[in-house]
Structure formats: structure tokens, C-alpha cells
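Undergrad: need a 3D model of the following:
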Amino acid sequence: MSDYDQSDYWFESAEYDLQTARAMLDTRRLLYVGFMCHQAVEKALKGAFVLRKPEEDLPYIHKLMRLANLSGISEEMSEEQLSLLDLLSPLNIEARYPVHKSKLMASLTVDRCETMIQETEALYQWIRKKC
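TA: Now for the predicted structure:
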């Protein structure tokens, strides 16, 4: 698979995850809105990595800031975009483990999740334009 085919895979998968985040918001499954937003950004960053670092193997990691740093795109990100990475990063793990679920559920509202999706969509579009 070429680097462009790989990047298409990651970006298309990110778009699918954004649609899933919207569906989770529509059905009020708020815990999974953040999880899917994390997944969308992770996949977009992996698409960026594949295009920007074609000579390197894509790392098997899920940490958003690390992926942004490895791809070199973090240097071009605004403070707001970097803050979104920090906000989304724990949602990948916390949505999976019961110890964190109740605390996380208490912090999520429909408005907060709507904002999270909007910011994730904007970041996704920005990453696509940069690549």
C-alpha cells in the first residue's frame, strides 16, 4: 500500500469516527462522544504522519501529543489545538475502564460534547489542509 493509500485509509477512518461521534451525541451516549473524537484525531494524526514521514514506520501508539510531535505537525498547531489534544487524550482510556466511567460521565453534558465535536471537526479539517 502506498503512503497516499495509507493516508487515505486513516483520513477516511477519521471521518467515519467523526460521524460516529455525532451519532453518539444524537442518541445521548455522551461517554462515547469523547472516545470517538479521540479516535478521529488519532487517525487524522496518523494520516499526517504517513504523508510527512514516508520513510518511517507508523508507530503503534495512541497518545495524541506524541503523534503530533512525531509527525512534526505540533509545531504548527495553535494553543487551542494543543489544548484540544490534552482534553481528548484521556478520553481514549477513561471511556474503557469502569473506575473512570462514573467520574467522566458526570463531567459530560450535551453542550460540552457538541463543542468537543465542533473543535474536533475543525482540527481534522486543519490537519487535512496541512497535508
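
Undergrad: excluding chain neighbours, what is closest to residue 119?
TA: Take residue 119 and drop its neighbours on the chain: the residue closest to it by C-beta to C-beta, 6 or more residues apart in numbering is residue 84, 5.2 Å away. Placement of C-beta: from N, CA and C, glycine included.

Undergrad: and that neighbour, how far is that from residue 54?
TA: To residue 54, residue 84 is 26 Å away according to C-beta to C-beta, to the nearest Å.

Undergrad: quick one: which of those two has more around it?
TA: Neighbours around residue 84 and residue 54, counted as other C-beta atoms under 10 Å, are more numerous at residue 84. The numbers are 20 against 12.

Undergrad: show me what contacts the more buried one?
TA: With contact taken as C-beta atoms under 8 Å, 6 or more residues apart in numbering, residue 84 is in contact with 41, 119, 120, 123.

Undergrad: of these, which pair is most distant in space?
TA: 41 and 119 (9.7 Å; C-beta to C-beta).

Undergrad: what's the nearest residue to residue 116 if we skip its chain neighbours?
TA: Nearest one to residue 116, counting by C-beta to C-beta, 6+ apart, is residue 37 at 5.4 Å.

Undergrad: mind listing what the one you found touches?
TA: Here residue 37 is in contact with 17, 18, 21, 88, 91, 116, 117, 120 (C-beta under 8 Å, 6+ apart).
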